[in-house]
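Undergrad: got a sequence here, can you build the structure:
(one chain, ligands or ions: 1)
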Amino acid sequence: MNLRYIILPLALLATTCANVAPVTPANVAAPAMSIAAISDAYIRLTLEAGTHEAEYVDAYYGPPALQDAAKANPRSLAQLIAEARTLTAAIDAALPSLRAESDRRRAVALRGMLIAADTRLQMLQGRKFSFNDEAQGQFATVPDLKPLAHYDAILANLETLIPGDGPLAARVDAFNERYVIPKDRLQPVFDAAIAECKRRTMQYIPLPAGETFVMEFVTGKPWSGYNYYKGNYKSLIQINTDLPIRISRAVDLGCHEGYPGHHVLNLMVEEQMARKNGWKEYEVNPLYSPTSVLSEGSANYGIDLAFPAAERLAFERDILYPIAGLDPKSAQAFWEMQQMTEALSGARLTIAKMYLDGAVTRAQALELTQTYLLLSPARAEQSVKFTDHYRSYVINYGWGKDLVRDYIERGNPDAAERWRRMEKILSEPTVPADLLP
Ligand SMILES: [Zn+2]
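TA: Reported below is the predicted structural model:
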């Protein structure tokens, strides 16, 4: 794909965002504020916004007194939107005087967080955006989506490659269900997977002393896994067992939630940005912001980075299959099935856009999800339920991964350079536009 046509250059972002959230120096007076003062105000704004939506603040590890103050006396949505626009105007006023590259990047990233806050707070007021405007406002990027027709040829090809009777989705789902990890083996399989994800990550990225995580298995969640970052280099990783977990998910989730995914990103952000640079805005992480593109994108790409194709198959077959009590000789076939169906993954976002823009009903979205992602009705329901809940956040996975991969693999560098670029994304203020050529 050609990203240049999809992602606007940074200079145009303000214009585009203005369509979503009218932030311009013309209609908002720009107070003279230092970036540090804007950062302090942004933290208060975010914590107060968190009183209006339970999931708004994904992580906070700054002084508890600030959070207590926000909860005791939060401003209204309208006041917070006005504050976000004032602070954005203040950044625009401050940007020309910033000389150091790191200061400019910090300010640009903070600006994106404020536009996201403005957009999200408007949504909490009940405003409905188009899928693309919602994505642009919250995540500073609009995905390049292929029409469903693009995936028809892939489906037709799979029809001939995958034998059996009945609909293709049912055949694939039945095949994949043979690779479910028995419930009593989940813990040791995940322990082994995460340990290997960590070992591979530590070969390239030094991790701070004392970093650690707790893992729990839970039910009744709209996601398959979640990393709750607690600060001080500690994470709580939860794995949802509502639906049977297939063996491939151990490495997926171990890398995505743990190493080099969310856990590593969060501790690098804390170590490098919040502590070393004193950029306090990184002590709070709102769920909906351009940071999520980098967070989910690097977490998904981190799976491929840590386990280049053949290495992953070997590890799963030789280590995880025996622990799970699955036949290692069957690993190759499951691996090939995943490779064959991977090209369909982009259909997830196309369906989400069609559904959220009202082009198809929920029932149609469910049917399309089964057909194009080759899922059972129960797994399709879980997928659409995620879209119901998180809406355009879904772009951060597939599209975020595309952006991160395109950046890290540009010029086909060796493994050391790939990991160096990954560490740069994790430890510097990065916005989606930074990933473009
Ligand atoms: Zn994630």
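Undergrad: longest helix of this structure?
TA: helix 101-124 (DSSP state H).
Undergrad: from the contact counts, what lies against it?
TA: helix 10-20, helix 35-49, helix 77-94, helix 131-139, strand 284-286 (3 or more CB pairs under 8 Å, 6 or more residues apart in numbering; DSSP states H and E). In short, each C-beta sits where N, CA and C put it, glycine included.
Undergrad: for the stretch 301-437 of the chain, which residue gets nearest to the ion?
TA: Residue nearest to the ion within the stretch 301-437 of the chain: residue 397 (7.4 Å; CB to the ion).
Undergrad: off-centre distance for the helix or strand hosting that residue?
TA: Assessed by DSSP states H and E, residue 397 sits inside helix 395-408. Between the centre of helix 395-408 and the centre of its host chain there is 9 Å, according to CA atoms, centre = their mean, to the nearest Å.
Undergrad: next one: stretch 279-292
TA: Using CA atoms, centre = their mean, the offset of stretch 279-292 from its chain centre is 12 Å.
Undergrad: could you dump stretch 352-371 to CSV, C-alpha only?
TA: Output in CSV follows, covering the C-alpha atoms of stretch 352-371 (Å, rounded to 0.1, in the frame of the first residue of the first chain):
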residue,chain,number,x,y,z
ALA,A,352,-16.2,-1.9,11.3
LYS,A,353,-16.2,1.2,9.1
MET,A,354,-19.3,0.0,7.2
TYR,A,355,-21.1,-0.8,10.4
LEU,A,356,-20.2,2.3,12.4
ASP,A,357,-21.0,4.5,9.4
GLY,A,358,-24.4,2.9,9.2
ALA,A,359,-23.9,1.3,5.8
VAL,A,360,-24.8,-2.2,7.2
THR,A,361,-26.9,-3.3,10.2
ARG,A,362,-25.4,-5.1,13.2
ALA,A,363,-26.9,-8.4,11.9
GLN,A,364,-25.2,-7.8,8.5
ALA,A,365,-21.9,-6.9,10.3
LEU,A,366,-22.1,-10.2,12.1
GLU,A,367,-22.7,-12.1,8.9
LEU,A,368,-19.9,-10.3,7.1
THR,A,369,-17.5,-10.9,10.0
GLN,A,370,-18.2,-14.7,9.8
THR,A,371,-17.8,-14.7,6.0
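Undergrad: buried sites along that stretch?
TA: When neighbours are counted by 16 or more other CB atoms under 10 Å, the buried residues of stretch 352-371 are found to be 352-356, 360, 365-371.
Undergrad: counting neighbours, what do you get for the residue nearest to residue 125 when sequence neighbours are not counted?
TA: Setting aside the residues directly before and after it, residue 125 is nearest to residue 77 in space (CB to CB, 6 or more residues apart in numbering), at 5.2 Å. Residue 77: 19 surrounding residues under other CB atoms under 10 Å.
Undergrad: the residue of the stretch 301-437 of the chain closest to the ion: what's it in contact with?
TA: 296, 297, 300, 348 (CB atoms under 8 Å, 6 or more residues apart in numbering).
Undergrad: try it again with 7 Å
TA: Shown in contact with residue 397 (CB atoms under 7 Å, 6 or more residues apart in numbering): 296, 300.
Undergrad: and if you look at the one 4 residues further on?
TA: Contacts for residue 401 (CB under 7 Å, 6+ apart) come out as 297, 300, 301.
Undergrad: looking at those, which is nearest residue 165?
TA: Closest to residue 165 out of these is residue 300 (34.0 Å), distances taken as CB to CB.
Undergrad: could you measure from the closest one over to residue 404?
TA: As judged by CB to CB, to the nearest Å, residue 300 and residue 404 stand 8 Å apart.
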